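[1] Take this sequence and fold it.
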Amino acid sequence: VLFFFLRAFKYFTFNKRLGVLNATIANAMPDILNFLVMFGIAYIGFGIMGHIIFGRHGLPEFGTYPNTLHTLFRMMIGEFDFRVLLAVGHYFPGIVFFFGYAILCHFILLNLFLAIIVDAYATAWKQAQNSNPVTHAMKKGIMRVARKYRGKLQDAFGGKKEEVCAAATKRKSRRSYWKRDSCKEICKEVAIGCAQGQ
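    Next up is the predicted model:
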């Protein structure tokens, strides 16, 4: 089900403004790969250091290397109690480990990741600004359907095709005619044209 909904993003590329997310990921992917290399080195290094320093003291959070990596992830999202590191009796290693990891991985690397995403989004949005908004495509679709069923609407109003077209050509262009926001005005002109024809 998740992949089914994610597949919908593939069809957003018909409009550049809807495809900003896809363009953002594509623009940021090279920088994200470089970021993952730096983050992986720091994450694995702190994992080894935490397992060696605190694992031998019997802390279950650092007892095994997978548990240490899980603990580092909890520290990164703020769900770790700092007092656990001080419970082993070695205050200096616990303070250096916790604040060193928080400054490097939480404050520097995560903000670097956000900066990469924001920069890629700014580039994608700048490229998409020159394209038409999605409402333009919706308006074109409505116009296409309206032209397709115009004859049936004329028969329903009791008018003739020539009279309705004459009312439409009074505008400077067909585009300006259909560009109006109120559909009630269009229906009103069609009804007036049909009444005049009768």
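[2] Please identify which helix or strand holds residue 68.
    helix 65-76 (DSSP states H and E).
[3] helices and strands around that helix, which ones?
    helix 20-55, helix 91-101 (3 or more CB pairs under 8 Å, 6 or more residues apart in numbering; DSSP states H and E). Quick note: C-beta positions are derived from backbone N, CA and C, even for glycine.
[4] For the ones you listed, could you give me a markdown table that also reports mean neighbour count?
    Output for these, formatted as a markdown table (neighbours: other CB atoms under 10 Å):
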| stretch | mean neighbour count |
| --- | --- |
| helix 20-55 | 15 |
| helix 91-101 | 15 |
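[5] Mind checking those helices for the one nearest to residue 130?
    helix 20-55 (12.9 Å; CB to CB).
[6] Check what pLDDT the closest residue to residue 20 other than its chain neighbours gets.
    Spatially, and ignoring its direct neighbours in sequence, residue 20 is nearest to residue 124 (5.0 Å; CB to CB, 6 or more residues apart in numbering). Reported pLDDT at residue 124 in the predicted model: 85.
[7] Extract the residue ranges of this structure that are flagged as low pLDDT.
    1-17, 89-90, 131-141, 149-198 (pLDDT under 70).
[8] related to what we said a few turns ago, can you list the residues that contact whatever helix or strand comes next after the helix holding residue 68?
    The first helix or strand that comes after helix 65-76 along the chain, using DSSP H and E, is helix 83-86. Defining contact as CB atoms under 8 Å, 6 or more residues apart in numbering, one finds that helix 83-86 is touched by 54, 59, 61, 93, 94, 95, 97, 98.
[9] Recalculate using a threshold of 7 Å.
    Contacts to helix 83-86, defined as CB atoms under 7 Å, 6 or more residues apart in numbering, come from residues 54, 59, 61, 94, 97, 98.
[10] thinking again about what came up before, for the helices and strands packed on helix 65-76, which one sits closest to residue 114?
    Comparing the helices and strands packed on helix 65-76 under CB to CB, the one sitting nearest is helix 20-55, at 10.5 Å.
[11] quick check: angle from the closest one to helix 65-76?
    120 degrees (axes from the mean of the first three to the mean of the last three CA atoms, to 10 degrees).
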